[in-house]
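> Could you work out the structure for the sequence below:
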Amino acid sequence: MISRATDKPRATIPKDKRLRAVYRRELQNSVYYSALVAMAGIVLALVGDALISPPTALAYALAVLPLGVTCLAIARLVRRRARRYVIPLGMVVGLTPIVAIMLSVLLVNDSREFALAALGMMPLAFAIFIPLERHAFLEWLALADLMLGGILVAMILSGGDRELPAAAFGASALGSVLGLCSNDIQVRRKRQLNSQIISVRGLYGRMKEHEQDLRRQDEFLFMQQETLVVQQAELLRLNEELENIARLDALTGLGNRLRLNEDLAALAARIERNGGTAGLLLLDLDRFKRLNDSMGHLAGDAALRGVAESLRKTSRVGDGVYRYGGEEFLVILHNCDQAALRAAGQRYLTAIQAVGMLHPDNPPYGLVTASAGATELSQANCADVDVALRDADQALYVAKERGRNRLEIHAQVQPSGVVEINRRRVAS
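Sure, this is the predicted structure:
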């Protein structure tokens, strides 16, 4: 997140509320400890004055004790309630040592040289211990010089030592210059530090924004991945549905030749591996061409759908029903020996006739009927399924020749009366 604070940190530092709050807390601590140090210095000055000049100790103590109490009160106020006024209170703390030193100069003659040296160091010490901003420091320095100037004028007018005011003025001037230099160094350092803080904050903001962008990209990629998973599942479902559709007859909904070939191959492999028997029942509608010619192809399609539905309802669970081609249907009967095959075939023929679909050109019934040929599939003939289908077709041909609407089962050993397969089938 690039902000103005990142682009122009120097111009925005004074307006940054967080930096101002940090500065206020630091200044509050500085004023608190400076007030304690000033109070301790006043106490030490009293002790030193008592040792150096006992006659003036009482007068000096009465003059500077209010200054020590003021420092203690400011320390308590800064810590508790007067946080908003920390800058004026800091200025007062900086003025109390100067007043104490000037009182020492006026009252304790033996400590004047030391007091003047300390007076010259006060602006520098104030600039170091209480790091005010430049305009606040200039205001404090003006107040300190004004107080010092007033005291010096009073000393001159009183007719005292002429050299003392000059020395005090020199010490004050030197201290002011040193204090200004120190304050300028601290202000520059603080601005540089604040600029670095603003820059780091801007970098952190950009990093957080980049992290949010990455998180949004991760969420988008996750959603895309979920969408792809759903689409892939839908594609698999559609492919499976297409595969099923490709294996179904469009008119009747039964399995087509592709499904029949796959199921026959699987059935033959299972019988060859595990043994057992199955029945192949091939059905052909009687005189279906005449039905199309007399009643139309729509009636023929309706007859095919009706026969398919009756075969589906008659079949057992697990048996397969297929449209073999045209008006021919094939039923696979699992676990079916020859006796069960005959019963099942007759059941299918009866179900087709029971539908009751009219067929005037199919005497003597006048209804749609079918002829059926069946064969048994076992380990003896499962190696070549086409041979088994040919056997069922040959039995169907015999059923047609023997009067239609009947079932014939192909025998493993053909009797002499069976018609050759290469003869033309009687017109259906």
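
> how about the helix or strand hosting Ala21: buried residues?
Element membership for Ala21, per DSSP states H and E: helix 17-52. For helix 17-52, a neighbour-count test (16 or more other CB atoms under 10 Å) marks 19, 23, 27-28, 30-32, 34-35, 37-39, 41-42, 45-46, 48-49 as buried. No exception for glycine: its C-beta is placed from N, CA and C like everyone else's.

> I'd like the distance from it to the chain centre, please.
54 Å (CA atoms, centre = their mean, to the nearest Å).

> Kindly report the same for stretch 138-152.
With CA atoms, centre = their mean, you get 65 Å for stretch 138-152.

> Buried residues in that stretch, which are they?
Buried residues in stretch 138-152, counted by 16+ other CB under 10 Å: Trp140, Leu141, Ala144, Asp145, Leu148, Ile151, Leu152.

> can you check stretch 377-397 too?
Neighbour-count burial for stretch 377-397 [16+ other CB under 10 Å]: 377-378, 381-382, 385, 388-389, 391-397.

> Going along the chain, name the helices of the stretch 301-428 of the chain.
338-354, 385-401 (DSSP state H, counting those that start in this stretch).

> quick one: which of those helices is nearest Leu311?
Of all the helices of the stretch 301-428 of the chain, helix 338-354 sits nearest to Leu311, with 6.3 Å by CB to CB.

> can you list the residues that contact the closest one?
Helix 338-354 is contacted from outside by 279, 281, 283, 285, 307, 310-311, 313-314, 331, 333, 336, 365, 367-372, 374, 376, 405-407, 409, using CB atoms under 8 Å, 6 or more residues apart in numbering.

> what's around Arg406, how many residues?
Burial of Arg406 is recorded as 18 neighbouring residues (other CB atoms under 10 Å).

> Likewise for the one 3 residues further on?
The number of residues packed around Ile409, counting by other CB under 10 Å, is 21.

> burial measure for the nearest residue to it once chain neighbours are set aside, as a count.
Excluding its sequence neighbours, the residue lying closest to Ile409 (CB to CB, 6 or more residues apart in numbering) is Ala374, at 4.8 Å. Neighbour count for Ala374, taken as other CB under 10 Å: 27.

> Check the contact between Ala374 and Arg406; I expect there is one.
No. Judged on CB atoms under 8 Å, Ala374 makes no contact with Arg406 at a distance of 11.4 Å.

> need the contact list for the closest residue to Leu264 other than its chain neighbours.
Excluding the flanking residues, the one nearest Leu264 by CB to CB, 6+ apart is Val385, at 4.9 Å. If a contact means CB under 8 Å, 6+ apart, then Val385 has Leu264, Ala265, Ala268, Leu377 as its contacts.

> Out of those, which end up buried?
For the contacts of Val385, a neighbour count by 16+ other CB under 10 Å gives the buried set as Leu264, Ala268, Leu377.

> circling back: can you add distance to Glu243 and pLDDT and give the contacts of Val385 back as TSV?
TSV is the format used below for the contacts of Val385 (distance: CB to CB, whole Å; pLDDT from 0 to 100):
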residue	distance to Glu243	pLDDT
Leu264	18	92
Ala265	16	92
Ala268	22	92
Leu377	26	90
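
> Helices - which of the residues you listed land there?
If you go by DSSP state H, the contacts of Val385 have Leu264, Ala265, Ala268 in helices.

> Columns distance to Pro54 on top of those residues, output as a markdown table?
Shown next, in a markdown table, are those (distance: CB to CB, whole Å):
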| residue | distance to Pro54 |
| --- | --- |
| Leu264 | 132 |
| Ala265 | 129 |
| Ala268 | 132 |
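
> of these, closest to Val64?
The nearest one, if we look at the ones in helices among the contacts of Val385 relative to Val64 and count by CB to CB, is Ala265, at 117.5 Å.

> Quick check: phi and psi at Ala278.
Main-chain dihedrals, Ala278, degrees, to the nearest 10: phi -150, psi 160.

> can you check the one 4 residues further on too?
When read as degrees, to the nearest 10, the backbone of Leu282 gives phi -110, psi 120.

> For the residue nearest to it when sequence neighbours are not counted, list the residues it contacts.
Closest residue to Leu282 apart from its sequence neighbours, by CB to CB, 6+ apart: Ala392 at 4.2 Å. Going by CB under 8 Å, 6+ apart, Ala392 touches Leu280, Leu281, Leu282, Leu330, Gly373, Ala374, Thr375, His410.

> between the residues you listed, which is closest to Gly94?
Nearest to Gly94 among the contacts of Ala392, with distances taken as CB to CB, is Leu330, at 113.3 Å.

> Please report how far the residue lying closest to that closest one once chain neighbours are set aside lies from Arg257.
Counting by CB to CB, 6+ apart, Tyr324 is the residue found nearest to Leu330 once chain neighbours are left out, at 4.3 Å. Between Tyr324 and Arg257 the computed distance is 7 Å (CB to CB, to the nearest Å).

> between these two, which one's more packed in?
Tyr324 (21 against 14).

> Could you measure from that one over to Leu254?
Distance from Tyr324 to Leu254, by CB to CB: 9 Å.

> Spell out which residues are contacts of both of the two.
With CB under 8 Å, 6+ apart as the test, Tyr324 and Leu254 reach no residue in common.
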